[in-house]
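Chemist: Quick one, fold the following:
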Amino acid sequence: MVYSRRSCFGLLLILSFVVVFAGCHRGVIEPGPARTLRVLTYNIHHGEGTDGVFDLERLAAVINDLSPDIVALQEVDRNTDRASGVDQAAVLGKLCDMHHVFGQAMPYQNGQYGEAILSRFPIEKVLVHPLPYATGQEPRAALEAHLDAPGIGPVIFVGTHLCHQSNATRAQQNKRLNQLLAREGGPPVVLAGDFNARPSSEPMSVLIEDGWVDAIAPRSRIDYVLIRAADPWRIKDVVIVDEPVASDHDPVLAVLEWQGD
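Modeler: As a prediction, this is how the structure comes out:
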């Protein structure tokens, strides 16, 4: 059979329509996204890199490259003289296109210093928990955010930064975290941050003995993502980026897959 140029063009149009329609149909029936939560913890050293430059765009690029769902940030300045009056959590939230909240650990240089959380999902409730510390030490806090993760449901995410001066104080702070986050039958809790303690140290033993699991092990140093042994997560992947300039800490990512109903 011989086709004219016009009839061939019409046949191509019909075939193109069929292909496009079939592609759209496949998109409708494909299963939804995996029930994963990409959790990042990152001590951003008040926005100052190891080169002495304050560069939030550089930090945001590091965060965006890891595509996290939720981020615990430590050493965050809000309106301080040191950070030129910048609300760092708000700027990073905008640069990363994520919701943001800030929790003060202490006043600092006409502003505030503490933790922040960035979240791809709306944050429904926020609590700031002061942690115990001794005279002469920096006050520390835990920032708690409640959110609803698609495919998983309600999740409680807590970011913290423990004392850098005393092992005994870190142990006391972890005991307080155990008290604050002891929930029977409630939503899963994910705890992340800079704990300033090695995996086998007394402060970390306080958490492990209370039923927390180190999702980063065996690569943990002092930055952790911790989950409850009773919560049905599977640790799908761990990524630690060797980034020596943007901050004096490396970003640590844990990909958690929800195995519950």
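Chemist: List the beta-bridge partners for the residue nearest the centre of the chain.
Modeler: Using Cα atoms, centre = their mean, the residue of the chain that lies closest to the mean C-alpha position is V71, 2.1 Å off. V71 has the following beta-bridge partners by DSSP bridges: L40, L118.
Chemist: Please, where are all the helices along this protein?
Modeler: When secondary structure is read from DSSP state H, the chain shows helices at 5-29, 56-65, 88-96, 167-180, 202-208.
Chemist: ok, now which ones touch E138?
Modeler: In this structure, E138 makes contact with 105-106, 163-165, judged by Cβ atoms under 8 Å, 6 or more residues apart in numbering. C-beta coordinates here come from the backbone N, C-alpha and C atoms, glycine included.
Chemist: Among the residues you listed, find me the one that's closest to P218.
Modeler: When the contacts of E138 are compared for distance to P218, the smallest value, 23.1 Å, is given by H164; criterion: Cβ to Cβ.
Chemist: Next, the contact list for that closest one, please.
Modeler: H164 makes contact with 138, 196, according to Cβ under 8 Å, 6+ apart.
Chemist: now the contacts of E138 as TSV including distance to G260?
Modeler: Rendered in TSV, the data for the contacts of E138 read as follows (distance: Cβ to Cβ, whole Å):
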residue	distance to G260
A105	33
M106	37
C163	34
H164	36
Q165	39
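Chemist: Of those residues, just the buried ones, PyMOL syntax please.
Modeler: Selection of buried members from these for PyMOL, criterion 16 or more other Cβ atoms under 10 Å:
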select buried, resi 105+163
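Chemist: In strands, which of the contacts of E138 appear?
Modeler: Within the contacts of E138, residues falling in strands by DSSP state E are 105-106.
Chemist: what would the contacts of E138 look like in CSV with pLDDT and distance to A197?
Modeler: Formatted as CSV, those follow (pLDDT from 0 to 100; distance: Cβ to Cβ, whole Å):
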residue, pLDDT, distance to A197
A105, 98, 17
M106, 98, 20
C163, 97, 9
H164, 95, 10
Q165, 94, 12
